[in-house]
Every structure is written in C-alpha cells, then in structure tokens.
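# here are the coordinates; sequence isn't available:
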C-alpha cells in the first residue's frame, strides 16, 4: 500500500489497492490512503471509504473531512454509514442537508436517526 502511494504513476492500480488496503493491520495507513485519494483520485474516494468503513473511526474521519473542507465530497459515504447512528456522522450529514436546503432529506434523516 505504501509503495503504491509513494509511486502512484507506476504502481497504483485501483482494484489492487482496494483489495490490499482491507488487509492492512495499521489503521493509520487508512488515513494516509484517504489523503492519497484526496490528492490523486478524489472522485474515487467514496469507493475507498466504503471498502474500509468497517474498520474506520468515523468520528475521526468526519473531523478530518470537516477540517479539510471536503465534507460534501463524502456525502455518499456519510449516507452509507449513517445507520451506525454515530453523532458526528449524523451532525455532518444533517449539516450538509441544511446547506443544500434539502429539508425533506433532513426530516427523513432526523426521523430515522
């Protein structure tokens, strides 16, 4: 995983990367991979997040995306993990829905979680 991130033009292959990242024991590499995707493959970021979601600290992820102002980019990820009923996820997603003036979506989110 580290080699692929350090040499993306020669070594990175999306399928291989997502297959290997799930076998990584060092959780910190997940967050380096997230930064790598933000830098090189932002449109594929949600795919990565869905692959590693089961082992992530979602509050940490929400705080990171808020800090780097990329929360709207990961809205599909937030929706997919909202069923965990994590406070940070719910607040972030509800904030995005308010910003988008999607009041029906907000009502649905609040009623469900």
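Structure received. Given the structure is predicted, the values throughout are model-derived calculations rather than measurements.

# from here on, contacts and neighbour counts on C-alpha atoms
Fine.

# where does this structure have low pLDDT?
For the chain, not a single residue meets the criterion pLDDT under 70.

# In which helix or strand does the residue positioned nearest the centre of it reside?
By C-alpha atoms, centre = their mean, the mean C-alpha position of the chain lies nearest to residue 49, the distance being 4.1 Å. Using DSSP states H and E, residue 49 sits in helix 45-52.

# contact partners of that helix?
If you take C-alpha atoms under 8 Å, 6 or more residues apart in numbering as the criterion, helix 45-52 is touched by 18, 21, 22, 30, 34, 37, 38, 74, 76, 77, 80.

# for this protein, what spans make up the helices?
Along the chain, the stretches classed as helices by DSSP state H are 2-6, 8-11, 14-21, 28-40, 45-52, 58-67, 75-81, 87-99, 103-112.

# what angle separates the third one from helix 45-52?
Orientation of helix 14-21 against helix 45-52 (axes from the mean of the first three to the mean of the last three C-alpha atoms, to 10 degrees) gives an angle of 30 degrees.
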